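In: Please work out how this folds:
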Amino acid sequence: MKKVLKVIGIIILLLGVLIAVLFHFISKSPSVPENYTDTVKTGGEIEAKYLAMGSYEVEHLESATVSSLEKFEVYYPKDIYNLGKVPVVIFLNGTGTPASKYPALQEHLASWGFITIANEENNSFYGEGVELSIRYLLFADTYSSNDDESPLKGHIDFDNIGVTGHSQGGIGVINGITIHPHSDMIKAAVMLSSTETDMAKAFLWDSDSSLIHANTMMIGSSGQTDSAISPLESMQKTYENITDDVIKVLARRNDCDHGEMLYYADGYVTAWFMYFLQGDEEAGKAFFGDNPEISANEFYQDIMINVTE
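Out: Residues are numbered from 1 along each chain as shown. Predicted structure coming up:
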């Protein structure tokens, strides 16, 4: 009995060390640089096109909430009144990286004609941020008063909603598109440097990727930190666990590590959402067809692509 308790104590201690290391790394990792669209290298014309800023000027608003999300940070095209229905992308945070640390990321995607919504949540693994964001948008789409009317009212395309999450937020993506009341509203998803690992389970970040119904892309890095947080073997296991009736892509970037993956893959993240949420056929050539660009991109490796009939 004493031996068992000793082993349990050692395991708890090791988990504590791992958690401390993870939090230390995340707290020291860079937030998204304002000029990342000019500095991140690209290995293909499609990636370069969608990493650049889009054609729309951008506005943003903030809305307080009493939940653990603290507030919603929303970016949208300034010309939204002339655009009809606009697709949405929801962001889920990595550990220690609230939305206030990556406004450039939201602004970039909004410049391509999206409404983006993020928050300040610290524990995003459960995917509640997806559910509450959709509820907020449903409210914003209908609410009006003489003194205050959301600029989003009547302009939210609820048939085209995507979600992206980095690190812990990637587990939140799985849960956000599988177990919540409005999960079936998500059409496309992206997980960055995240996968179902023993470490995630030790943190009680439970998820079941076999329940995924949305078109899903997983991108990690070959960096040293990601080899522990999002190792290739675990990424492949999660990929295989997603049923083959789902369009899915797996890839790893080879010139960055865990923290930088939040924005280094943004050219292809934008292309993914442009294809699935805006019907942009050129963007789809990055992943599909006889010669998908990502497969020949010098900055990407370990490519896996599943296309449904």
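In: Which helix or strand in the chain has the lowest average pLDDT?
Out: helix 2-28 (a mean of 55; mean pLDDT, DSSP states H and E).
In: Near Lys85, how many other residues are there?
Out: By other CB atoms under 10 Å, the residues close to Lys85 number 15. Where you see a C-beta, it was placed from the backbone N, CA and C, and this is true even at glycine.
In: Once you drop chain neighbours, what's closest to it?
Out: In this structure, Lys85 finds its nearest non-sequential neighbour in Asp157, 3.8 Å apart by CB to CB, 6 or more residues apart in numbering.
In: Geometric centre of the protein: which residue is closest?
Out: Closest to where the C-alpha atoms of the chain average out (CA atoms, centre = their mean) is Thr164, at 1.8 Å.
In: How about the contacts made by Val163?
Out: Each residue near Val163 by CB atoms under 8 Å, 6 or more residues apart in numbering is listed here: 89-92, 130, 173, 176-177, 186, 188-190, 214.
In: Helix, strand, or coil at Phe267?
Out: Careful, residue 267 is Gly and not Phe. helix (DSSP: H, G, I helix; E, B strand; the rest coil).
In: quick one: contacts for it?
Out: Going by CB under 8 Å, 6+ apart, Gly267 touches Val40, Thr42, Ile46, Glu47, Ala48, Lys49, Tyr50, Leu51.
In: quick one on the thing from earlier: okay, and the beta partners of the residue lying closest to the residue nearest to the centre of the chain once chain neighbours are set aside?
Out: Excluding its sequence neighbours, the residue lying closest to Thr164 (CB to CB, 6+ apart) is Val190, at 4.1 Å. Here Val190 shows beta-bridge partners Thr164, Met217, assigned using DSSP bridges.
In: What count of nearby residues applies to Val190?
Out: 28.
In: thought it was touching Thr216?
Out: Yes - contact criterion CB atoms under 8 Å: Val190 and Thr216 qualify, at 7.5 Å.
In: what residue ranges in the chain score low on pLDDT?
Out: Applying pLDDT under 70 to the chain flags the ranges 1-30, 144-147, 309.
In: for it, what spans make up the helices?
Out: 2-28, 36-39, 45-51, 103-110, 128-140, 168-176, 198-202, 226-229, 232-241, 261-264, 266-278, 281-284, 293-296 (DSSP state H).
In: just the CA coordinates of the fourth one, formatted as CSV?
Out: If I follow you right, that is helix 103-110. Taking Å, rounded to 0.1, in the frame of the first residue of the first chain, the C-alpha atoms of helix 103-110 are listed here in CSV:
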residue,chain,number,x,y,z
PRO,A,103,-5.9,41.2,-32.0
ALA,A,104,-3.8,41.2,-35.1
LEU,A,105,-5.0,37.6,-35.8
GLN,A,106,-8.6,38.6,-35.6
GLU,A,107,-8.1,41.7,-37.6
HIS,A,108,-6.4,39.7,-40.4
LEU,A,109,-9.3,37.3,-40.7
ALA,A,110,-11.9,40.0,-40.6
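In: From Leu51, how far out is Pro231?
Out: Distance of Pro231 to Leu51, given as CB to CB, to the nearest Å: 26 Å.
In: These two: who's more crowded?
Out: Neighbour count, other CB under 10 Å: between Pro231 and Leu51, Leu51 has more, with 23 against 15.
In: hang on, the more buried one packs against Gly44?
Out: No - using CB under 8 Å, Leu51 makes no contact with Gly44, being 10.1 Å away.
In: Bridged to the closest residue to Leu137 other than its chain neighbours, which residues?
Out: Closest residue in space to Leu137, ignoring its immediate chain neighbours: Ile156 at 5.4 Å, by CB to CB, 6+ apart. With DSSP bridges as the criterion, Ile156 is bridged to Val86.
In: Next, count neighbours for Ile156.
Out: Neighbour tally, Ile156, other CB under 10 Å: 24.
In: do Lys248 as well
Out: For Lys248, the neighbour count with other CB under 10 Å is 25.
In: Touching, it and Thr216? I think so.
Out: Yes - the criterion here is CB under 8 Å, and Lys248 meets it with Thr216 at 5.0 Å.
In: Now the common contact residues for these two.
Out: Joint contacts of Lys248 and Thr216 (CB under 8 Å, 6+ apart) are Ile242.
In: Just the closest of the contacts of Val163 to Ile80, please.
Out: Val89 (14.6 Å; CB to CB).
In: What sits closest to that closest one if chain neighbours are left out?
Out: Gly162 (4.6 Å).
In: Could you count how many residues lie near Val89?
Out: By other CB under 10 Å, the residues close to Val89 number 28.
In: what residues are up against it?
Out: Leu109, Phe114, Ile115, Thr116, Ile117, Ile161, Gly162, Val163, Thr164, Phe273, Leu277.
In: What of Met261?
Out: Counted by CB under 8 Å, 6+ apart, Met261 has contacts His166, Leu192, Ser193, Ile219, Gly220, Ser221, Asp226, Arg253.
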